[in-house]
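> please find the sequence and the predicted model below.
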2 protein chains.
Amino acid sequence: MAAPTSAAPSWSIAPPSRALEAAIQARIDNKTKPLGALGRLESLALQIALIQQRLDPQLQQPHMLVFAGDHGAAATPGISAYPQAVTAQMVLNFLQGGAAINGFCQQNGLLLQVIDAGVNADLPAHPQLIRAKIAKGTADYSQGPAMSAQQCAQALALGAEQVRRLLPLGCNCIALGEMGIGNSASAALVTQCLTGLPLVDLVGPGTGLQGAALQHKYQRLAQALALHPAAQGDCLQALQAFAGFEMVMLVGACLEAAQQQLLILVDGYIASAAVLAAVKMHSNALAYCVFCHASQEPGHRQLLAHLQVEALLDLQLRLGEGTGAALAYPLVQAAVTFLNSMASFEHAGVSRAI
Amino acid sequence: MAAPTSAAPSWSIAPPSRALEAAIQARIDNKTKPLGALGRLESLALQIALIQQRLDPQLQQPHMLVFAGDHGAAATPGISAYPQAVTAQMVLNFLQGGAAINGFCQQNGLLLQVIDAGVNADLPAHPQLIRAKIAKGTADYSQGPAMSAQQCAQALALGAEQVRRLLPLGCNCIALGEMGIGNSASAALVTQCLTGLPLVDLVGPGTGLQGAALQHKYQRLAQALALHPAAQGDCLQALQAFAGFEMVMLVGACLEAAQQQLLILVDGYIASAAVLAAVKMHSNALAYCVFCHASQEPGHRQLLAHLQVEALLDLQLRLGEGTGAALAYPLVQAAVTFLNSMASFEHAGVSRAI
């Protein structure tokens, strides 16, 4: 167990300076293509160049951080289609290279690290596993808060630490993923608290609940929500009441990455719920985030709409692990590629529009 | 100039055998993920495995073929925002490595070849340039057919030849791109003839026409359409009346690739209009095609809906050159990656759903 800290860490997050915006946009517009013809890649290129404060941004040492944790509420059936033991089993699968995220990270050049934020098992030492366990799972939010204020503060700090640790490597881009049986339920609860949207629109099948089982999940979550009125509209209270340790570490990682002016690639519903909490704490963090895909989990679209952001991919994914972010990474690279490698009209001797 | 041929080539295209479908689907379903959780990548993996008739498909020597040609109708203003000379200028830009498609192919591991199907310029020899010029541009379809029946047959044969040429390299995946000032107009006309959709829904800004200029483009195309009633519902007549040589070569390349059971990655509106013609000639060709992105050009969505297919990406691209296909290629790779590299539940010791 990591040493406890007493108070929640704090961050000072500045928005990217817009001083270079006109110069970056001119560089984009002068590439040999019709104005705006690369669509979303052009706004993405502008975002990355603004974050890095340079006309020729570079992606260096991109890391995929998959935070894993168990949920007390998932120790009994009804919250997930899979037993709680699958969290630890999938972490072992990550370490053995057998999960989807392994293949996608390897294919696309992302360095994968798995963080044990609170898995309910003793995990073996492994070079890709970072030990940051707060406890062997959270408490059951149907009975009381998922975690104490101290645990929440500790998880925020440990999440931040995972990003700081990468800075000496030259890393300027992190992707945020997660694993935790039951965490689509926590994502729904946290999202409800921080957006005020109806819970019914935020609860989805997760790993595969349907029909009566999905209805049962909703009812359990509605009851849990009523138990924690102080969580409404309050980030720390909402996280303490309902989140997993992996989600709180994601919040800390997001805030630290924004403070350090890194590019942040956000995976699906659970990672986005953590980023929602981060953005509600520090709205300037949003400018550092790229939402990589729109999950098939219905609450995710509501969350993205609330944040007024659009995802890059829409492939009906609902796997988590960071897979959507790993799949979108070549598009992020492509935004940098065109900005740096395309010729200008003058240089290529191409005529402009009549 | 290539030697003329007298009759349109013919193809015999079988659909992929479905004999392995159950075994492939079982392999997908047994991967360590909730059933269906990789969404579109799962149907893509099934499609690729069926095309290759194996449980462990491989993508080998993927080539991006960019066919370039000029359009007689674009020799005078009103059809495009750019002057006709830009076709040749952009081909030179491709050969110098300065276009978007160069960067995206290099980033994603596609081998780029440019085919001079009918550029209105004498182009220099270059290892990436294939000389297959039918003529220095088509005739103006406002005056008569864009090309003769003989030229159309020759372009179909030369398109097929570009695919056959790659087979000894072991290539089993081709991406179809194009360059040709004025060819979004040709795509609209061909699509109208072969779908019966209203022309007004198929004509768009192309490289950037707006307002009165876009209205003028529509009027010119409506007049041209009325000049060629025999093109309605007839693939060869529609191609002869309105297509560019680059488009007809795309048709031939698509049909040859389908006959050879290659995976075919289709770029945007113009490439899709060519594939539409190929599919209307041989409906079995469709099963070999992946539609890589939905263009911002409004007619493309109509065309995709007509074919009852969905694109992988939706990034508001409207550049052509094959860029959307090059950008989608890592997703195609990812479908193969997960099928081949992910562990099964049994192998990884992961519990199944309760």
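On my side now, so go ahead.
> what residues does the stretch 151-300 of chain A put near chain B?
Contacts of the stretch 151-300 of chain A with chain B, taken as Cβ under 8 Å from any Cβ of the partner chain, map to A:207-208, A:296. No exception for glycine: its C-beta is placed from N, CA and C like everyone else's.
> now render those as JSON lines, adding pLDDT, secondary structure and distance to residue A:168.
Below are these laid out as JSON lines (pLDDT from 0 to 100; DSSP: H, G, I helix; E, B strand; the rest coil; distance: Cβ to Cβ, whole Å):
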{"residue": "A:207", "pLDDT": "90", "secondary structure": "coil", "distance to residue A:168": "37"}
{"residue": "A:208", "pLDDT": "92", "secondary structure": "coil", "distance to residue A:168": "41"}
{"residue": "A:296", "pLDDT": "96", "secondary structure": "coil", "distance to residue A:168": "38"}
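> now do the contacts for the residue nearest to residue A:261 when sequence neighbours are not counted.
Spatial nearest neighbour of residue A:261, excluding adjacent residues (Cβ to Cβ, 6 or more residues apart in numbering or on different chains): residue A:51 at 5.9 Å. Residues in contact with residue A:51, defined by Cβ atoms under 8 Å, 6 or more residues apart in numbering or on different chains, are A:16, A:57, A:261-263, A:287-288.
> ok, residue A:146 next?
With contacts defined as Cβ under 8 Å, 6+ apart, the neighbours of residue A:146 are A:71-73, A:138-140, A:186, A:240-244.
> which one (most neighbours) among these?
Neighbour counts for the contacts of residue A:146 (other Cβ atoms under 10 Å in any protein chain shown) peak at residue A:244, which has 38 neighbours.
> can you pull the contacts of that one?
The neighbours of residue A:244, taking Cβ under 8 Å, 6+ apart as the test, are A:69-71, A:117-118, A:138, A:146, A:180, A:182-183, A:186.
> and the residues you listed as JSON lines, adding secondary structure?
Putting the contacts of residue A:244 into JSON lines (DSSP: H, G, I helix; E, B strand; the rest coil) gives the following:
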{"residue": "A:69", "secondary structure": "strand"}
{"residue": "A:70", "secondary structure": "coil"}
{"residue": "A:71", "secondary structure": "coil"}
{"residue": "A:117", "secondary structure": "strand"}
{"residue": "A:118", "secondary structure": "strand"}
{"residue": "A:138", "secondary structure": "coil"}
{"residue": "A:146", "secondary structure": "coil"}
{"residue": "A:180", "secondary structure": "coil"}
{"residue": "A:182", "secondary structure": "coil"}
{"residue": "A:183", "secondary structure": "helix"}
{"residue": "A:186", "secondary structure": "helix"}
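> from those, which is closest to residue B:279?
Here the nearest of the contacts of residue A:244 to residue B:279, counting by Cβ to Cβ, is residue A:183; it sits at 43.5 Å.
> residues near the closest one, how many?
34.
> surely it touches residue A:71?
Yes: at 6.2 Å, residue A:183 and residue A:71 qualify as touching, with contact defined as Cβ atoms under 8 Å.
> quick one: the strands in chain A?
Here chain A has its strands, by DSSP state E, at A:63-69, A:111-118, A:129-131, A:173-179, A:263-266, A:289-291.
> CSV for those, including distance to residue B:101?
Conversion of these to CSV gives the following (distance: least, Cβ to Cβ, whole Å):
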stretch, distance to residue B:101
strand A:63-69, 28
strand A:111-118, 29
strand A:129-131, 40
strand A:173-179, 24
strand A:263-266, 25
strand A:289-291, 23
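> dump those into CSV; add distance to residue A:309 and mean pLDDT as well.
Output for the strands of chain A, formatted as CSV (distance: least, Cβ to Cβ, whole Å; pLDDT from 0 to 100):
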stretch, distance to residue A:309, mean pLDDT
strand A:63-69, 20, 98
strand A:111-118, 25, 98
strand A:129-131, 29, 98
strand A:173-179, 14, 98
strand A:263-266, 9, 98
strand A:289-291, 5, 98
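> columns mean neighbour count on top of the ones you listed, output as CSV?
CSV is the format used below for those (neighbours: other Cβ atoms under 10 Å in any protein chain shown):
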stretch, mean neighbour count
strand A:63-69, 30
strand A:111-118, 25
strand A:129-131, 17
strand A:173-179, 30
strand A:263-266, 27
strand A:289-291, 24
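> so residue A:347 makes contact with residue B:98?
Yes: with contact defined as Cβ under 8 Å, residue A:347 and residue B:98 form a contacting pair (6.9 Å).
> nearest spatial neighbour of the residue nearest the centre of chain A, chain-adjacent residues omitted?
Nearest to the geometric centre of chain A sits residue A:271, at 3.2 Å (Cα atoms, centre = their mean). Closest residue to residue A:271 apart from its sequence neighbours, by Cβ to Cβ, 6+ apart: residue A:176 at 4.6 Å.
> what about the closest residue to chain B within the stretch 51-200 of chain A, neighbour count?
The stretch 51-200 of chain A approaches chain B most closely through residue A:98 (2.9 Å), counting by Cβ to the nearest Cβ. Neighbours of residue A:98 under the rule other Cβ under 10 Å: 22.
> could you find the closest non-adjacent residue to it?
Nearest-residue entry for residue A:98: residue B:343, 2.9 Å, with adjacent residues in sequence omitted and distances by Cβ to Cβ, 6+ apart.
> ramachandran angles for the one you found?
Here the main-chain torsion angles of residue B:343 (degrees, to the nearest 10) amount to phi -80, psi 160.
> so it makes contact with residue A:93?
Yes: between residue B:343 and residue A:93 there is a contact under Cβ under 8 Å: 6.0 Å.
> between these two, which has more neighbouring residues?
Looking at residue B:343 and residue A:93 with other Cβ under 10 Å, you find the greater number of neighbours at residue A:93, namely 25 against 19.
> and that one, what does it touch?
For residue A:93, the residues meeting the contact criterion (Cβ under 8 Å, 6+ apart) are A:99, B:32, B:343, B:348, B:350.
> and those, which are buried?
The neighbour-count criterion (16 or more other Cβ atoms under 10 Å in any protein chain shown) marks A:99, B:32, B:343, B:348, B:350 among the contacts of residue A:93 as buried.
> out of the contacts of residue A:51, who's nearest chain B?
Nearest to chain B, judged by Cβ to the nearest Cβ, of those is residue A:57 at 14.1 Å.
> who touches the closest one in this structure?
Contacts were defined as Cβ under 8 Å, 6+ apart; by that measure residue A:57 touches A:45, A:48-49, A:51, A:336, A:339-340.
> now it: how far from residue A:200?
As defined by Cβ to Cβ, to the nearest Å, residue A:57 lies at a distance of 42 Å from residue A:200.
> my guess is residue A:37 meets residue B:319, correct?
Yes: between residue A:37 and residue B:319 there is a contact at 4.1 Å, judged by Cβ under 8 Å.
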